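>>> task: produce atomic coordinates for the following.
(chains A and B)
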There are 2 protein chains.
Amino acid sequence: MDEIITLDYGSGGKKTSRLIEEKILPALDNPALRQLGDGAVLPGGEQLVFSTDSFVVSPLFFPGGDIGKLSVCGTVNDIAMCGGVPKYLSCAFILEEGFPLKELERIIAAMHDAAEAAGVQVVTGDTKVVERGRGDGIYINTAGIGVLKYPGLSPGAIRDGDAVIVSGTVGDHGTAVMLARSGMAQGDIRSDCAPLHKLAEAILSLNAGARVLRDPTRGGVATTLNEFVEGGTLGIELQDGAIPVNGAVRAACDMLGLDPLYCANEGKLLAVVPRENADAVLSAMRALPEGKDAAVIGSVTARYPGKVVMQTALGGRRILQKLSGAQLPRIC
Amino acid sequence: MDEIITLDYGSGGKKTSRLIEEKILPALDNPALRQLGDGAVLPGGEQLVFSTDSFVVSPLFFPGGDIGKLSVCGTVNDIAMCGGVPKYLSCAFILEEGFPLKELERIIAAMHDAAEAAGVQVVTGDTKVVERGRGDGIYINTAGIGVLKYPGLSPGAIRDGDAVIVSGTVGDHGTAVMLARSGMAQGDIRSDCAPLHKLAEAILSLNAGARVLRDPTRGGVATTLNEFVEGGTLGIELQDGAIPVNGAVRAACDMLGLDPLYCANEGKLLAVVPRENADAVLSAMRALPEGKDAAVIGSVTARYPGKVVMQTALGGRRILQKLSGAQLPRIC
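You can find the predicted model right below:
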């Protein structure tokens, strides 16, 4: 482990994992924190889901969204992926001296709209200001509370033969932000930033035995799928041709040297479900706008324990590692 | 209102209030957010208290504490002041590229110790990294959930004649941080950073009709007392000589041009209680180490509606306004 923090530690990939595993978890250990996923299920009369994320995306505004919309959707989605119904958000701003109020108003308006769309209320908050050169306009933290409606979702529940489903095209958010950052924003590439609570409800209310849901944000689909299988006896085999990618996103990724499978998504989810229920789940997902391009992209298999393997169109195979280093710093 | 964010907007005083009142609340309005205080009480079977704070204190380490301890105590205290029993925390780091891992470990260890002392668990978290020059080592957000045990605490509950109590010496945290920042740290001036859940429990379990509790952090005692009475028909009259101030803190404040009444505290609370129960409350507070210097410092009065007035030792009176501008930027 390095002695100083490098941008890689914020990638959502291997170094982020190491930092969390080696430095943070051991110091703060407790059963709820050890639960896999981006939220904690809290014991009690009515079980709660609790999650937090800080948002440091650059630029603050990009096609399809902004840091405000992102900060609401990100935490709402973490709760929904845990089987929770999102209810309440906190919202904390770290503002840099000199930040234009107009931009803050625009961001807060976007938070309002996103909260309304997601059916949550922002109920508490905080505002701090740091000197010029000690921030970057605005950073936002949200924490969220949801009521656990569908318990038991966990990567540990996946079984040999299960179907792996993605809810739509991959890599849109990461690509849109990278293009905006480089000043090359294109109208046809937009962040997919959206709340996923309805899509999660559509899947889980089927009682189709869904094993795990997760939104593949930092680190993208490849990293999230690795998190499902790492250290276990099962692996995941993906079919290259089955993974939906927007044509413009693919072209932009080629140009920028990115792989859509490692690009962040902010309005997509991965679901692992029993093979026999995959069609029913797909139909339910496709009935919603945010799931219209849902597709089965692969299967759980005992053949590659702990690994995610891509079957290429030409019949080859390659291992998809977790993201290593910061392919896309400050993407969310 | 200015067009850009200045450091004043983070002071915890008037400009922070204006920013929140004019820009943030109208956009995100809902009944829970409108509740006064630093946390929200959430409806439901078991009522919850939810609060958040981001911590940007500079320097990161100071006599009596560090940003890690502060980030746990700050949110724990906000929950305790709402009548909640703190249970769960989230913890989100924004790290600056180049930040030494050793310092991060030390900070996380301090969070662990503080969480243990406060009886809370850190159950979920997040880590982001920003480029050099876009942060300042580390910023920490914590959000916290508590179970509401003592409902009804509110500035709206204060009555003419009530006693105003402070739990100990004022200004220690702000002064310790300012001295540390200027490189003049003195051993006998230490931050009072501490969890206040036991002190709150000691007061509230008396069933002595406590009206409101609040920890006077940014903006200090003067600003918090103003928040109790602003816009109302009652005021607060303070007795200058009755307010406990550590002698070394008073001397340092004189030197730095600060007023201890406007300096942040991180381990003190203000309580407004019925006059006839003030002695019982004081005894209960003084029985705990964190309340040993508790004192009645003034009364609620109808004579100065909406104002906080100081009776000086020489028989004069002066109005204590809310903090205006950033007397002490980045104090927490």
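>>> where does the stretch 1-150 of chain A dip in pLDDT?
Flagging of the stretch 1-150 of chain A using pLDDT under 70 yields the residue ranges A:1, A:10-13, A:27-30, A:32-40, A:42-45.
>>> can you show me the helices along it?
A:14-18, A:25-28, A:31-34, A:67-81, A:101-118 (DSSP state H, counting those that start in this stretch).
>>> most packed of those?
Across the helices of the stretch 1-150 of chain A, the average number of neighbours (mean count of other Cβ atoms under 10 Å in any protein chain shown) peaks for helix A:67-81, which reaches a mean of 29. Heads up, the C-betas are built off the backbone N, CA and C, glycines and all.
>>> re earlier: now render the helices of the stretch 1-150 of chain A as a markdown table, adding distance to chain B.
A markdown table is the format used below for the helices of the stretch 1-150 of chain A (distance: least, Cβ to the nearest Cβ, whole Å):
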| stretch | distance to chain B |
| --- | --- |
| helix A:14-18 | 6 |
| helix A:25-28 | 4 |
| helix A:31-34 | 4 |
| helix A:67-81 | 9 |
| helix A:101-118 | 4 |
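>>> okay, those helices in a markdown table with distance to residue A:189 next?
As requested, the helices of the stretch 1-150 of chain A are exported to a markdown table (distance: least, Cβ to Cβ, whole Å):
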| stretch | distance to residue A:189 |
| --- | --- |
| helix A:14-18 | 26 |
| helix A:25-28 | 36 |
| helix A:31-34 | 37 |
| helix A:67-81 | 16 |
| helix A:101-118 | 19 |
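>>> go ahead and confirm residue A:23 touches residue B:106.
No. Counting by Cβ atoms under 8 Å, residue A:23 sits too far from residue B:106 to count as a contact (10.8 Å).
>>> which one, of the helices of the stretch 1-150 of chain A, ends up nearest to residue A:137?
When those are compared by Cβ to Cβ, helix A:101-118 sits nearest residue A:137, at 7.1 Å.
>>> the closest one vs helix A:67-81, what angle?
Helix A:101-118 runs at 30 degrees relative to helix A:67-81, counting by axes from the mean of the first three to the mean of the last three Cα atoms, to 10 degrees.
>>> neighbouring contacts of helix A:101-118?
Contacts of helix A:101-118 with the rest of the structure, by Cβ atoms under 8 Å, 6 or more residues apart in numbering or on different chains, involve A:60-61, A:65-69, A:71-73, A:76, A:86, A:89, A:91, A:93, A:95, A:121-122, A:137-138, A:140, A:194-195, A:197, B:1-5, B:23-24, B:27-28.
>>> got the domain ranges for chain A?
Recorded structural domains for chain A (assignment: automatic domain parsing) are A:7-148, A:155-319.
>>> tell me how many other residues crowd whichever residue of the stretch 151-300 of chain A sits closest to chain B.
Nearest to chain B, among the residues of the stretch 151-300 of chain A, is residue A:218, at 8.9 Å (Cβ to the nearest Cβ). Applying other Cβ atoms under 10 Å in any protein chain shown, we find 28 residues neighbouring residue A:218.
>>> swap in the one 4 residues further on?
Applying other Cβ under 10 Å, we find 24 other residues in the vicinity of residue A:222.
>>> cool, thanks, signing off.
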